[in-house]
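Asker: Model the structure of this input:
(one chain, ligands or ions: 2)
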Amino acid sequence: MIHTETLYRSNQIIFIQLKNMGFLHREKNHCETCHEKFDRRDDLIQHARKVHYQSITKCRNCGMEFLHEEDRLRHVQQEKERKIDMRRHR
Ligand SMILES: [Zn+2]
Ligand SMILES: [Zn+2]
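Answerer: Ligands and ions are numbered 1, 2, ... in the order given. All right, here's what the predicted structure looks like:
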């Protein structure tokens, strides 16, 4: 009984650690609405658009599509940082 509880606790700790590391934050190519999994990110986006009529946001710079505005904003931010980096290294 005590043993099971300790095991459960240590599993919880591992779970929290993974979560903090971002592993479990959002499953890769995983539909949040029906939990279907896809091999490619593009397939997931096509699925969300066709099956769930989800609106897709697009990066104005490279045309990459995103299911969430926050994802797009993060990507745009990363692109900006990359551009600054490139300038710095030149
Ligand atoms: Zn779905
Ligand atoms: Zn982009």
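Asker: which residues of the protein fall in strands?
Answerer: 57-58, 65-66 (DSSP state E).
Asker: is any part of the first one close to ligand 2?
Answerer: No - residues of strand 57-58 contacting ligand 2 under CB under 5 Å from the ion: none, with a closest distance of 8.7 Å. Placement of C-beta: from N, CA and C, glycine included.
Asker: Give me the sheet partners of that strand and which way each runs.
Answerer: Using DSSP bridges, the strands paired with strand 57-58 are strand 65-66 (antiparallel).
Asker: where in the protein is pLDDT low?
Answerer: 1-3, 14, 16-27, 89-90 (pLDDT under 70).
Asker: If we use 80, what do you get?
Answerer: Residues of the chain meeting the criterion pLDDT under 80: 1-27, 88-90.
Asker: Near ligand 1, which residues of it? Just list them.
Answerer: Checking the chain against ligand 1 by CB under 5 Å from the ion, the hits are 31, 33-34, 36.
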